[in-house]
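# Structure for the following, please:
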Amino acid sequence: MADRFELSYIYARVCGAMNRSWAGPRSTELVRQTRLSDLWRILFNDASPSLPERSLLGATEERLVKRSLEEFHKLADELQRDEPFFLALRRKSEFARVKRVLLAVKDAEPACPPSEDPSLPDGFLAAAYPRLEEMFAEGRYSWIDEESIGNLPAAENRLDRQYYEELWAAAGSLSRPRRAGLPAILRLEIELENVVWALRLARYYAMPAEAVKPLLVSLPDVDVTGAAMEALAFRMDRRQDWDGWKYEFLVDGAGEPWSLDVRSVEIGARRHLYRRARLALHMNPSSYAPLYCFFKLKELETAVVIGIAEGIHLGAPAEELASFAIAGGVQ
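Numbering: from 1, shown residues only. Coordinates of the predicted model:
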C-alpha cells in the first residue's frame, strides 16, 4: 500500500502531466488542422508515416491509445502494481478487447485482436481463439459462449455493466483514506453513462423505460439509475418537461419546434465529467483519487483527439471539429 509521501509525489506528477493535456484550451490548435499528417506532427512531434489516409487515421488512434496507457502506467507503476483497484481500472482495455474478440469471431477474422495493454495478464485464453467457450471457460467472462455473437449489443452492454460493477467494488475495498474522493467522481461517471445510454435507447430504438432499466449499470448501495429513469418519463419534444431535472443543464434551451438532441447531451455530459474530474483531482491529493482522475481525463482526452482526427479525415468544417473540444471552467 502506498504511503502518504508516495501519493503526494504522484499527485505532483499528475498535475504536471495534465498541464500538457490536449483536451483543454490546447485543443484549439488541433481543430485548425486540415490534414491528418499535420495533426500527427503536432501530437507526436515527428513526421507521419507514409500511409493512405484511412490507414493513417487508424495508426493515429492506435498510437493515442498506446500513449495514454503508457502515461498512466508511468504513474501507477510508482505504486504497487497488484493493487486491486488499479487492476480493475486497467481492465477497461481488456473489456474493450473482449468486445473486439466477439466481433472478430462473428466476422471470421483469422487472428485474435491484440491487447492494447500487453503488460496486463490476459483474463482469458487468447490462444483458444476463435473457440469462444474455450477462451472464456473460466474467470470473469465465463458467461460468454457461442450464442453471445448472436446478440452483440446485449453482450457489449453486459460487459460495460460488469466493468463498472467490478470497478465500484474494487474502490469500496480500499481503506477510507485511500478512497477519499473516489466514490463521488466514480458515481458521477456511472450516472452520466446511464443517462446517455438510456436516452440513446429511447430515442434511436424507441425502447420503453421498463426495457431500458435492466440495461443500465446498477450498484448495490447507491442510486445511479434514478436520473436516467426520470429522464425517460419526459417527452422528447416538450422542453418544459425537463425543467428541474438533475441534469437539466445538459439539455438545449427552448425553441419551437423543440426536440431533445441526444448527441448534445452526450457531449455536455463528457464536458461536465471532464470539469468535475479536473476539480476532483485536486481535492484529495493523498488518496488514489488523483490517479483515477488522471486515468479518466486521459481517456476523455484521447476520445476528444480521436474525434478531431476522424473529423479531419471526413473533411468536417472547423466549427464541427470545435464541438469535440473540451473547454475549461466548471459546471
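# use CA for all of it now, contacts and neighbours both
Noted.
# who does the helix or strand harbouring L103 touch, helix- and strand-wise?
Element membership of L103 [criterion: DSSP states H and E] is helix 84-106. Applying 3 or more Cα pairs under 8 Å, 6 or more residues apart in numbering; DSSP states H and E, one finds that helix 84-106 contacts helix 152-172.
# got the contact list for whichever helix or strand comes after the helix it packs on?
The helix or strand immediately downstream of helix 152-172 is helix 176-179, counting by DSSP H and E. Under the contact criterion Cα atoms under 8 Å, 6 or more residues apart in numbering, helix 176-179 has outside partners 171-172, 286-289.
# Got a quick ChimeraX command for the buried subset of these?
The buried subset of the contacts of helix 176-179, as determined by 16 or more other Cα atoms under 10 Å, is captured in ChimeraX by this line:
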select :171,286,287,288,289
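# Could you export the contacts of helix 176-179 as CSV, including pLDDT?
Shown next, in CSV, are the contacts of helix 176-179 (pLDDT from 0 to 100):
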residue, pLDDT
A171, 94
G172, 93
S286, 84
S287, 86
Y288, 88
A289, 90
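# Just give me the neighbour total for the residue lying closest to E134 once chain neighbours are set aside.
Spatial nearest neighbour of E134, excluding adjacent residues (Cα to Cα, 6 or more residues apart in numbering): A128 at 6.2 Å. Around A128 there are 13 other residues, counting by other Cα atoms under 10 Å.
# Likewise for S175?
With other Cα under 10 Å as criterion, S175 counts 11.
# just checking, next helix/strand downstream of the helix or strand harbouring T28?
Element membership for T28 (DSSP H and E) is helix 27-31. Next helix or strand after helix 27-31 toward the C-terminus (DSSP H and E): helix 36-44.
# Of all the residues in the helix or strand following that following helix, which ones are buried?
Next in sequence after helix 36-44, counting helices and strands by DSSP H and E, comes helix 53-76. Under the neighbour-count criterion of 16+ other Cα under 10 Å, helix 53-76 has 56-57, 60-61, 64-65, 68-69, 72-73, 75-76 buried.
# quick check, distance from helix 53-76 to the centre of its chain.
From the chain centre to the centre of helix 53-76 is a distance of 14 Å (Cα atoms, centre = their mean, to the nearest Å).
# tell me the angle it makes with helix 84-106.
Angle of helix 53-76 versus helix 84-106, following axes from the mean of the first three to the mean of the last three Cα atoms, to 10 degrees, is 160 degrees.
# Which secondary structure elements does helix 53-76 sit against?
Looks like helix 53-76 contacts helix 4-18, helix 36-44, helix 289-314 (3+ Cα pairs under 8 Å, 6+ apart).
# Please name whichever of those helices is nearest to E116.
helix 289-314 (13.4 Å; Cα to Cα).
# Could you list the buried residues of the helix or strand following the closest one?
As assigned by DSSP H and E, the chain's next helix or strand after helix 289-314 is helix 318-322. For helix 318-322, a neighbour-count test (16+ other Cα under 10 Å) marks 318, 321-322 as buried.
# name the helices or strands packed onto helix 318-322?
Looks like helix 318-322 contacts helix 27-31, helix 289-314 (3+ Cα pairs under 8 Å, 6+ apart).
# which sections of this structure are below the confidence cut-off?
Counting by pLDDT under 70, the chain has low-confidence residues at 1-5, 24-25, 78-82, 254, 324-331.
# just to revisit the earlier point, can you redo the buried residues of helix 53-76 as TSV, where the extra columns are distance to I306?
Formatted as TSV, the buried residues of helix 53-76 follow (distance: Cα to Cα, whole Å):
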residue	distance to I306
L56	12
L57	9
T60	8
E61	6
L64	8
V65	9
S68	12
L69	15
F72	18
H73	21
L75	23
A76	24
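# Which of these sits closest to R271?
S68 (18.7 Å).
# Could you check what's spatially nearest to that closest one, not counting adjacent residues?
Among residues not flanking S68 along the chain, K298 sits closest, at 6.1 Å (Cα to Cα, 6+ apart).
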